[in-house]
Structure formats: structure tokens, C-alpha cells
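Sequence and predicted structure are below.
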Amino acid sequence: MEPFTILSSRTVVLPGANIDTDQIIPARFLTTTTRVGLGEHLFADWRYLPDGTPRSDFVLNGPQARGCRILVAGRNFGCGSSREHAPWALADYGFRAVISTELADIFSSNCLKNGLLPVTVDEPTSAWLIAHPGAEVTLDLTAGTLTLPTGRAVSFPLEAFARRCLLQGVDELGYLLERRHEIEAYERRA
Amino acid sequence: MARAPQTLFDKVWRAHEVSAESADSPAVLYIDLHLIHEVTSPQAFAVLRERGLTVRRPERTLATMDHSTPTLTAQVFGGTPIALDAARRQVRELEVNCAEFGVELLGLTHSQRGIVHIIGPELGLTQPGKTIVCGDSHTSTHGAVGALAFGIGTTEVGHVLATQCLLQRKPRTLAVNVSGELRAGVAAKDLILTIIGRLGVSGGTGHVIEYRGDTIRALDMDERMTVCNMSIEAGARAGMIGPDETTYRYLEGRPRSPRSAAWERAREAWRALPTDAGARFDREVELDAAAVEPMITYGTNPGMVIPIGGTIPQRSGDAAFSQALTYMGLAPGQPIRDQPVNVVFLGSCTNARLSDLRSAAGLLRGRRIAPGLRMLVVPGSQQVKREAEAEGLDRVFLEAGAEWRESGCSMCLGMNGDVVGRGEYSVSTSNRNFEGRQGSGARTLLASPLTAAACAVRGRVTDPRELM
């Protein structure tokens, strides 16, 4: 996994609350047996007309979305299904961070496993970001801050272990495998 | 010194800590039972191969196939190939992975196959006090017996395969206390839809819910599973119910329940699990069961729910709300009753157990579904199917004009080709009314099996009490 330290990017905004993982990646694309190539189907039912042509009124199809690596979304983004295909699709498309006032538990956990930074901010910061689509913002994971183009820096919480994994670009599996003796000891006493 | 009173959740959590959490690192939590299926496991097995790892405890792992599998008998048993290529590949890949890594698979033609959350309890593998995970958010279902059960992503499926453990921060606890008697015609589904309407779709985020109170105690196991199943629709990864005599009666004698002396020992241990008097929850919510009405959703998340006799609310200035109603083709202020319906789906891990089928069949017996309406009945497991057939429920559904299928997730998420058409209205006993959930452009109204049957008969949204 690529380490995550500082990311500066313009934002793409999807302001609606409760955007579920079925919207992020509809179930019909879950028949894949690999992790790659899902970016093409990201938000498929919002992004394309039934005949497959891109919908000009959807934000990801606009020229301003090109190259944006930070998605700003309404409250409770990623609710619903546990499908990790959702962060795979977001990451494959090019996103490296998602900002909301609240992110669903399983989705947030899945993001961390894929180098996608889940950022939760307070209501006023979210409202500012939603009102300013395309704003150039900076996420500094070492400092734990989101800096707006106004210069205002807002700190965001992130679980200490997850932060370390992201900063170092390591995954949790190695850590768990190193705990083998403790796991064996547990199995003996359980 | 007396031990501080603990909740059911606290007890199960503590008993599974390989190591407790600290400021620096999450707890290492031991997993007793890992259920896997064809859709969220292939990439996890790929990681094991890449890193030269084995499945640490194959005997704690059980695989089945349910999400993308066909429900037409000819494609399951008749030698006709699975119509969808991608589904066929996924099924094949699970067979190969299970064979290579030594994991037991209840495959496509196995007599014990079914929706993963239906077969766990049915086999007696789902037991009080266990930690249970699966790459599926409705794993919360298993909490109905007093297990700590939650959905995980595919990377975590790999972690459990390789180490039998997960790294987890301890969630907070939320008690949902329900008292009073549910009225006739009001089902467990109506209760959980009411709870979700109250909590909101993110009200349980970061929490494990314990459903408590005399109403919950009076529910049978099928009903408790319906309630726990939809915990995730309120944002809670897990829902639990303290085990009691109802739980033990349900589990005793099941194929993989403990037997004889082991059963007695297990039951003694389980009796210590329920939440101690005086234990503290981080939050508590109270609900009066007698006030619960038959419910139906009108929007695009399960929190957008009203009594069938109610009208769609107004929320001016809420763009997401307006977008949801536009998608649904419904308007604020409109009554939901009498809304025309095209499709009725009776199935899913929420409501495809035997008692769900009985409830719908009871209303359909001697009646026909409305002309032009399609009704699909998909039992939750092959065992449910056999039991339903043994009591003639299949005849009731077929004579009413419904289709009777093999088990699977089917039209709940439309992965296997069982889909609702664009713009069509579906009354569904499943758990999610998200945009496109049952097919691109499909409009889903969630309801109980009894309500679904009533809607099928009238071809319109109907309070089942009108036909009882």
C-alpha cells in the first residue's frame, strides 16, 4: 500500500445524505473476482443513462471533476452493504480521501484497508466544503488536519493504529500474523 | 468485591479478547465462526495465495453460495448451466478455493445450502456467546441468539482466514427497550422498521444494539432474527438479544448444536450471558410495542418509513428527500395506501424463514394474486423449502399465482438475474429500498411478509388487517 502523508487536491462534492454502497457500486458489478477495474462502474446508475452514455448532469462526468482526488459527501456516506467493492471502486477511480460529517462503520473500516483516508469533520466545515465544490484543500495525515483555501485548518480524528498503518503504507495482516503466539495462547486457554 | 454488572455485549467481547485495546492499538478479537460466500471471498483467497498463507482454522469456517446463485430449479439441479457467466465463474471459484484451502462448502446442490444468515442458525452453528463474522452486513442476524455477529469487508475476510482474528475498536452499546404487546397483524418486521424510523439510518453508528424488554422476550427465534437482521439499517454493525429458554429450545437437537453432556455444559455457560441487572449502556431508547402499526417504506432508505395508513411526509428544503421521492415517483402528502404494485418479493435473510412463509401463505390461501402482478417466493434455505413443501405452502403460493423458487438472496439485491424492472413498484420483504437495489430503476417498498401477501392480492399497497 502506498503511504499516505499529505494530499492536496480539488474536491468533488456529492451533497446528499445517506449515499449507500449500492449507489457507489451497484450489486450487478460484484460478480468480479478481482479488485481492479471497478472505477469504471463507480456510481454507475447516477453516472450513465440506461444505454450506457454518460449523464452530462452528473458531477463526475464534468470537466471540473477530472484529477480530483478528494470526495466530499453528505452525512452517513457509505451506509448499507459491507461490500469492499465500494472503496475499491473509489480508489480505482482515483480518489484517496472521502470527507463527510459521518461515515458508515464498515465502509470507513474498508477505506482504511485500501489507502483511502476517511475524514470526518464538523457540520460547519462540511457545509463550507459542500458550498465550495472544487475547492483546493490539503489533508495532512501527520498533523491530522484539513486545511481549507481560506487558510483555516481543522483537525480530524483518526484511530491511532489506522493512522500509523496509512502513514507507513503497511497493512494490518502483517501485524496480526506477528501476534501468532498470543493467538495460540488464547486458543489454549479458551 | 462484587464484579461490576456487565452487558451481554461486554461479556462476549471480553471473552474473545486475545489482547485488549490500548490507546495505540485496537483489540485483537478472536472469531469463533467465519461464514463465507462466493461474492466477498475470492479476493481474500487471492491474498492468501499471494502471501503463501493457509486458512488457520478451517473447522471454524463454513462456506456456502447464495448471492449470485440462480433460483430456477433447472439451473440449480437440472443440469442447465447458470445463465449468468459471471455468476457461474464466481460459484466455480468458490468451489476451487474451498477445495484448495480445506474449507467445508455447502455447494449449489447441497441439501443444507441457503442464505448464509439463514443456515447458520438452522444448522445450530450460530450459538450464544460466539463471535461470528461474514463478509456481509446482515451478519447482524446471528445476534438473535446472543452472539456478537457483524459484517466485515473482504480484506478482513482475509485476516480471519489467515489468523482467525480481527483488529477491532470496542463499539459503544445502545439498549433498545421494547415493552407491550404487538397487535394482531403487526409483525417483527413492522417493529424493526419502526425502530429504524425512530433511530434514523445512522442512529446506531458506532454502537452494538441490544434489543430488550418483554416484547422482545415474547418473540420467537425467527422474529428475533428479523429484528437483529436490520440493525445495520440503523447503522449498527451488530444487534443482540440475550439468550433464554426460547433460544435453547430453538437450538437443541440441531445438526451442529452441542449434544448430551456438551449441551448441558453449553447451556449452563449460556445462562450466564444475559446482561446483568444494573449494567450500564452508553445510550437507551424506549419503544411502546402496542403503538406499532403495519409499516411500509416510501423512500430510498429504510428510515423513510410510515404506517400503511399514513401519508408521505413533507420536508421542504431537503434536497436528498426530494430526490428520493422523485426516484420513487411519489409526492409529499400522498397516502401510501392503494399505491399500485407490480412485483411482490417474499424472500431474503430478513424474512424467508418458515414462519415468514407461513404468515404470507395464511393470507394467500384460497386467494389469487392480482392480475398482471408478479410474485416471487424464494425460501431462505433448502431446508426451509423442504419444510414449506411438507406442509403444502408451495401449493398455496403456486395456486395463488406466485412463483416458487430454490433458495438464495435473489431479488433482494438482483445479482442473479432476478430483478424488478425499471420504474416498477416492488413490495419486498427484504431489507434495503436503496435506489436500484432490486434492479436499475426499480422502486422498492419494504414491508412484512403478511403485508406483502396483502399487497399481492389487491395489487395495491394494503394494510393486511383489511384482509384478515
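Here it is on my side, so go on.

and the residue in chain A positioned nearest to chain B, what are its phi and psi?
Nearest to chain B in chain A, going by CB to the nearest CB, is A:Thr31, at a distance of 3.3 Å. Any C-beta I mention is one placed from the backbone N, CA and C, and that applies to glycine too. With angles defined as degrees, to the nearest 10, A:Thr31 sits at phi -80, psi 0.

Run a quick neighbour tally on it.
20 (other CB atoms under 10 Å in any protein chain shown).

List the residues that contact it.
By CB atoms under 8 Å, 6 or more residues apart in numbering or on different chains, the contact set of A:Thr31 is B:39, B:68, B:84, B:86-87, B:89-90, B:415.

How about the contacts made by the closest residue to it other than its chain neighbours?
Counting by CB to CB, 6 or more residues apart in numbering or on different chains, A:Thr31 lies nearest to B:Ala86, which is 3.3 Å off, once chain neighbours are set aside. For B:Ala86, the contact set (CB under 8 Å, 6+ apart) comprises A:31-32, B:68.

The stretch 151-300 of chain B against chain A: which residues are in contact?
By CB under 8 Å from any CB of the partner chain, the residues of the stretch 151-300 of chain B that approach chain A are B:151-156, B:158-159, B:162-165, B:167, B:169, B:171, B:201-202, B:205-206, B:232-233, B:235, B:237.

now, which of these lie within helices?
Counting by DSSP state H, those place B:154-156, B:158-159, B:162-163 in helices.

since we're on residue 141, how many residues are nearby?
Let's take chain A. 19.

that's the wrong chain, I wanted chain B
Neighbours of B:Thr141 (other CB under 10 Å): 34.

do B:Arg14 as well
For B:Arg14, the count of nearby residues is 12 (other CB under 10 Å).

Ok, A:Arg163 next?
By the criterion of other CB under 10 Å, A:Arg163 has 17 neighbours.

quick one: the helices in the stretch 1-150 of chain B?
B:8-15, B:42-51, B:73-76, B:85-101, B:116-123 (DSSP state H, counting those that start in this stretch).

follow-up on the earlier one: can you lay out the ones in helices among the residues of the stretch 151-300 of chain B next to chain A as JSON lines showing neighbour count and pLDDT?
As requested, these are exported to JSON lines (neighbours: other CB atoms under 10 Å in any protein chain shown; pLDDT from 0 to 100):
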{"residue": "B:Thr154", "neighbour count": "27", "pLDDT": "98"}
{"residue": "B:Thr155", "neighbour count": "23", "pLDDT": "98"}
{"residue": "B:Glu156", "neighbour count": "26", "pLDDT": "98"}
{"residue": "B:Gly158", "neighbour count": "27", "pLDDT": "98"}
{"residue": "B:His159", "neighbour count": "26", "pLDDT": "98"}
{"residue": "B:Ala162", "neighbour count": "19", "pLDDT": "98"}
{"residue": "B:Thr163", "neighbour count": "25", "pLDDT": "98"}
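
B:Asp66 is in contact with B:Leu108, isn't it?
No: with contact defined as CB atoms under 8 Å, B:Asp66 does not reach B:Leu108; the gap is 10.0 Å.

So which of the two has more stuff around it?
Of the pair B:Asp66 and B:Leu108, B:Asp66 is the one with more neighbours under other CB under 10 Å, namely 28 against 21.

contacting residues for that one?
Here B:Asp66 is in contact with B:37-38, B:113-116, B:407-409 (CB under 8 Å, 6+ apart).

Apply 7 Å and report the result again.
Taking CB atoms under 7 Å, 6 or more residues apart in numbering or on different chains, we find B:Asp66 in contact with B:37, B:114-116, B:408-409.

Please convert these to a markdown table, extending it with distance to A:Gly67.
As requested, those are exported to a markdown table (distance: CB to CB, whole Å):
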| residue | distance to A:Gly67 |
| --- | --- |
| B:His37 | 37 |
| B:Gly114 | 47 |
| B:Ile115 | 42 |
| B:Val116 | 41 |
| B:Gly408 | 42 |
| B:Cys409 | 38 |
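
List the contacts of the helix or strand hosting B:Arg198.
Element membership for B:Arg198 (DSSP states H and E) is helix B:188-199. For helix B:188-199, contacts defined as CB under 7 Å, 6+ apart pick out B:176, B:178, B:182, B:219, B:223, B:226-227, B:230, B:233-234, B:285, B:287, B:289, B:292-295, B:302-303, B:305, B:351, B:429, B:446-448.

Give me the mean pLDDT for the helix or strand just after it.
Scanning forward in sequence from helix B:188-199 by DSSP H and E, the next helix or strand is strand B:207-212. What strand B:207-212 shows for mean pLDDT is 98.

Same check on stretch A:114-128?
With pLDDT averaged residue by residue, stretch A:114-128 scores 97.

Could you tell me the end-to-end distance of it?
Taking CA to CA, to the nearest Å, stretch A:114-128 runs 27 Å from one end to the other.

follow-up on the earlier one: I'd like to know which of the contacts of A:Thr31 is nearest to chain A.
Nearest to chain A among these, with distances taken as CB to the nearest CB, is B:Ala86, at 3.3 Å.

Could you pull up the contacting residues of A:Ile77?
Quick fix: residue A:77 is Phe, not Ile. A:Phe77 neighbours (CB under 7 Å, 6+ apart): A:19, A:98, A:100, A:103-104.

nearest spatial neighbour of A:Glu84, skipping sequence neighbours?
B:Gly153 (3.8 Å).

which residues make contact with the longest strand out of those in chain A from outside it?
Longest strand of chain A, by residue count under DSSP state E: strand A:6-14. For strand A:6-14, contacts defined as CB under 7 Å, 6+ apart pick out A:59-60, A:65, A:68-74, A:96-97, A:129-130, A:133-140.

just checking, which of these belong to helices?
Assigned to helices by DSSP H, the following of the contacts of strand A:6-14 qualify: A:129-130.

Just the ones of the contacts of strand A:6-14 in strands?
A:70-73, A:97, A:136-140.

Which of those are buried? Put it as a PyMOL command.
Those of the ones in strands among the contacts of strand A:6-14 that count as buried under 16 or more other CB atoms under 10 Å in any protein chain shown are selected in PyMOL with:
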select buried, chain A and resi 70+71+72+73+97+137+138+139+140
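
Output the ones in strands among the contacts of strand A:6-14 as CSV; include the columns pLDDT.
CSV is the format used below for the ones in strands among the contacts of strand A:6-14 (pLDDT from 0 to 100):
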residue, pLDDT
A:Ile70, 98
A:Leu71, 98
A:Val72, 98
A:Ala73, 98
A:Ala97, 98
A:Glu136, 98
A:Val137, 98
A:Thr138, 98
A:Leu139, 98
A:Asp140, 98
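
And the nearest residue to B:Ala352 once chain neighbours are set aside, its phi and psi?
Nearest non-adjacent residue to B:Ala352, counting by CB to CB, 6+ apart: B:Gly380, 3.3 Å away. Note on B:Gly380: backbone dihedrals following degrees, to the nearest 10 are phi -70, psi -20.
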